[in-house]
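Engineer: Take this sequence and fold it.
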Amino acid sequence: MMERERRRVKCEKQTHSERMENLITSGVRVCACFAYLLPVLTHLDAPATGEGMLQTMWAADYPILAQSFVALKDLDSFLFQVWWARLVAFHALVFLSSWQKIPPLLRFNALQAAILHLLCYVPSAIGMLLVGLGFSGCYFSEGVVLFNFLMLCVIYAVSFNLLGLTPDAIPLVSSLARRVTAV
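Structural biologist: Sure thing, here's the model as predicted:
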């Protein structure tokens with residue numbers, strides 16, 4: 001009973017500016033998560049998901065995830081209607097990461113999402129380079145492992161952001177983002 005009374009008094013003593021600061025902090029946490037839409041939406045068409053995914057047994061076994069996939073595909077087609085929209089979104093993330101007036105959590109996550117976005121192209125770029133050099137059996141595209149790694153990184157980052165922590169433990173990606181943004 002005594003503990004409950006102390007909390008009530010503490011809440012009453014909280015000033016308007018403190019409440020606004022808490023609200024802004026919560027908004028920053030949520031906004032930091034939106035940066036990860038670019039890599040997720042871009043790589044939804046990986047062979048791990050593909051267009052025929054909804055006809056698989058996976059969709060029947062996990063209907064909520066299948067409907068989430070459909071919703072993300074619809075969001076992708078709405079946001080990126082023209083070919084250059086992803087390029088603009090990528091450059092916006094890079095620009096935001098260098099803008100000193102926004103909170104460090106937003107800057108760090110914008111750059112980390114941009115780096116993740118680029119890293120997902122590395123396997124197919126290396127494969128195309130090897131095919132161009134005459135190694136015809138070396139082409140490989142992004143697949144299940146790459147898509148699952150991307151989703152694991154995004155889930156980790158979103159979870160930490162919502163808790164108010166900086167998601168700085170993704171190997172290579174976080175160290176690059178930390179070095180550039182000095183967070």
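Engineer: for this structure, which residue is closest to the average position?
Structural biologist: Nearest to the mean C-alpha position of the chain, by CA atoms, centre = their mean, lies residue 36 at 1.9 Å.
Engineer: Could I get the phi/psi values of that one?
Structural biologist: phi -80, psi 0 (degrees, to the nearest 10).
Engineer: is it true that it touches residue 114?
Structural biologist: No: in this structure, residue 36 is not within contact of residue 114 by CB atoms under 8 Å, at 10.2 Å. No exception for glycine: its C-beta is placed from N, CA and C like everyone else's.
Engineer: what residues are up against the residue nearest to the centre of the chain?
Structural biologist: Residue 36 sits next to 109, 113, 116, 154, 157, 158 when contact means CB atoms under 8 Å, 6 or more residues apart in numbering.
Engineer: Check residue 156 too.
Structural biologist: 167, 169, 170.
Engineer: let's see 6 Å
Structural biologist: residue 167 (CB atoms under 6 Å, 6 or more residues apart in numbering).
Engineer: Kindly report the same for the one 4 residues further on.
Structural biologist: With contacts defined as CB under 6 Å, 6+ apart, residue 160 is in contact with residue 167.
Engineer: From residue 74, how far out is it?
Structural biologist: 27 Å (CB to CB, to the nearest Å).
Engineer: How about residue 91?
Structural biologist: According to CB to CB, residue 91 stands 24 Å off from residue 74.
Engineer: Then residue 176?
Structural biologist: Distance from residue 176 to residue 74, counting by CB to CB: 32 Å.
Engineer: now the helices for this structure?
Structural biologist: Taking DSSP state H as the test, the helices found in the chain are 2-13, 16-34, 37-42, 57-61, 63-79, 85-98, 104-119, 122-132, 144-162, 173-181.
Engineer: chain center to the third one: distance?
Structural biologist: The chain centroid and the centroid of helix 37-42 are separated by 7 Å, computed with CA atoms, centre = their mean, to the nearest Å.
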